[in-house]
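> Quick one: sequence plus predicted model below, questions after.
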Amino acid sequence: MIDEQNKQVCVSVPASGKLIFVRINDNQLIQYNELVGHDHCRGLAYADNQLYVGYEHPKRQIKVIGLDGNEVRVFCDAKFHSPWYLAFDEQSKSLFISEVMQSKVYQLNEGGNIVTLINVNKLIESQRGIALKDPSTLYIVGHGFDNKDDFGLTQKEDFVYEVDIISGKSHALFRFENAPPKCVRRYRDSMFLSFYGSERIMQFDISEELTTF
């Protein structure tokens, strides 16, 4: 969401290399602008009238782009590999990067330097989207490890975890069997989840503390 009052959002389209701006009007999405030339754009976050866009090819980097399409800054680091999902903390001016192929989350400071590394390889086999609950807590979704049921059949359990950024402690909020969540977003008192191979989006009320399992 880049304009709450006018219900405007921006989405990245890696296959066509576009950043598309749409307006929500009477439950319909109406495109009103697009930025081209953004091949392999992946992660996307918004803050202070600027877009933070993650790229995995030809250079693994984060670009800060104005809404007019002008490039403001570029963050590069040899540790970047697959910055597919991003989240921005307005309070600390930190950018969080979900490295989906390395089971890591990086926290970048305002200067673009990595200041925190969260290793989630013991929680999730391959993580996907991230969202901030508050300045010290992340929601992370992803693919769990294969498990055998009582009949010896392989099942994959996928999770939404809540992770303390400082201590690294975590606990699972939701578990899904063979329904891998892909993206997570928090908006006000709701959490929204999208899933691979499905057109559905699930909304959860997080106005109160969620019950864990």
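Thanks, I have the structure now. Residues are numbered from 1 along each chain as shown.

> And Asn6, how far from Asp48?
17 Å (CB to CB, to the nearest Å). C-beta coordinates here come from the backbone N, C-alpha and C atoms, glycine included.

> Over to Arg42?
Applying CB to CB, the value for Arg42 to Asp48 is 21 Å.

> got the buried residues for stretch 120-137?
120, 123-124, 126-133 (16 or more other CB atoms under 10 Å).

> Give me the contacts around that stretch.
84-89, 91-92, 96, 98, 100-101, 103-105, 138-145, 159, 161-166, 170, 180-186, 191, 206 (CB atoms under 8 Å, 6 or more residues apart in numbering).

> okay, the residue nearest to Ile165 when sequence neighbours are not counted: pLDDT?
Nearest residue to Ile165, sequence neighbours excluded (CB to CB, 6 or more residues apart in numbering): Ser136, at 5.2 Å. Looking at Ser136, its pLDDT reads 89.

> Now do Ser136 against Asp68, distance only.
34 Å.

> repeat for Ile97
Taken as CB to CB, the span from Ile97 to Asp68 is 24 Å.

> Residue ranges of each domain in the protein, please.
For the chain, automatic domain parsing gives the domain ranges 1-119, 123-213.

> need the least confident one among these, by mean pLDDT.
domain 123-213 (a mean of 78).

> want to throw the buried residues of stretch 120-137 into CSV with secondary structure?
Converted to CSV, the buried residues of stretch 120-137 look like this (DSSP: H, G, I helix; E, B strand; the rest coil):
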residue, secondary structure
Val120, coil
Leu123, coil
Ile124, coil
Ser126, strand
Gln127, strand
Arg128, strand
Gly129, strand
Ile130, strand
Ala131, strand
Leu132, strand
Lys133, strand
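
> I am finished for the moment; much appreciated.
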